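*Asks:* here's a sequence, model it:
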Amino acid sequence: MIDRRMVTIGDQSAVVEMRTDKFEVELFDQIFTRQSFSLARLRRMSQLNAFYADSIQTGWTPLIIDLGANIGLSAVYFSLIWSEAKVLAIEPEANNYERLLVNTTLRPQIIPYQCAASCRHERVEIANPDTDPVGFQTRPSQNGDIETITIQDLLGQFPLSDRYLPFIIKIDIEGYEAVLFELNCEWIDQFPLLIAELHDWALPSQGLSRNFLKAMAERDRDFVYIGENIFSIKNELGLFAQD
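*Replies:* Numbers count the residues shown, from 1 in each chain. Prediction:
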């Protein structure tokens, strides 16, 4: 069965659909009721909102990348909050991706991708196909049916030369952050805000956070932990600080 709900934030509204299992309903509550991606608890919220507003006023399109978009609830949330941003929603699992398409078809500012995020081009497969729909993990496989995409690929499709300006990247990829942050992490510097959930709690004794922590430690960014998410904010937020 399908649970269909209207969500409204400010003057923006959307209808989203979920399969009626406890996992997707919980995900909805986490994003829209408990506002897990809200910036309201950040002391630097006004700076981030000013970056967004200045981007729009000077003719840029803020770019939001949602890695691990699942059925699209987080992408819809971002598109309601920052309605003039372009949102790239990346989800590898086929059934989730089908629901992502349903939830974003009436929101042209969201572009869905069925692929997995990585630091390199490779093929992967779903490692735990029998798990709940919000917990799918990927693993490298030469015969995998899922292609990967890099952050550099995505930024290349929406470059500064076309007046797209990186704004937010959200990362919830069920442990594959260990690979995403292994190499080629220069893209971090282009995003004023990075939101990540790490998964040592779910997959202990694998050191999944090590590469993330190494990549972040050498950069001039704040590091704020709220609930299960890390909010990493660039300390220099000038409009062209990434140039």
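*Asks:* tell me which element the residue nearest the centre of the chain falls in.
*Replies:* Taking CA atoms, centre = their mean, the centroid of the chain lies closest to Asp66, which sits 2.3 Å from it. Assessed by DSSP states H and E, Asp66 sits inside strand 61-67.
*Asks:* give the pairing partners of that strand; include direction for each.
*Replies:* strand 86-90 (parallel), strand 164-171 (parallel) (DSSP bridges).
*Asks:* returning to what we had before: quick check, pLDDT for the residue nearest to the centre of the chain.
*Replies:* pLDDT, Asp66: 98.
*Asks:* returning to what we had before: now do the strand holding Asp66: distance to the chain's middle.
*Replies:* Relative to its chain's centre, strand 61-67 lies at 8 Å (CA atoms, centre = their mean, to the nearest Å).
*Asks:* surely the residue nearest to the centre of the chain and Lys86 touch.
*Replies:* No. Using CB atoms under 8 Å, Asp66 is not in contact with Lys86, being 11.1 Å away. C-beta coordinates here come from the backbone N, C-alpha and C atoms, glycine included.
*Asks:* gap between the residue nearest to the centre of the chain and Ser205?
*Replies:* Using CB to CB, to the nearest Å, Asp66 is found at 29 Å from Ser205.
*Asks:* what of Asp130?
*Replies:* 22 Å.
*Asks:* for Ser161, give me phi and psi.
*Replies:* Backbone torsions of Ser161, given as degrees, to the nearest 10, read phi -60, psi -20.
*Asks:* and for Asp3?
*Replies:* The phi/psi pair for Asp3 (degrees, to the nearest 10) reads phi -100, psi 110.
*Asks:* what do you get for Leu183?
*Replies:* The phi/psi pair for Leu183 (degrees, to the nearest 10) is phi -140, psi 160.
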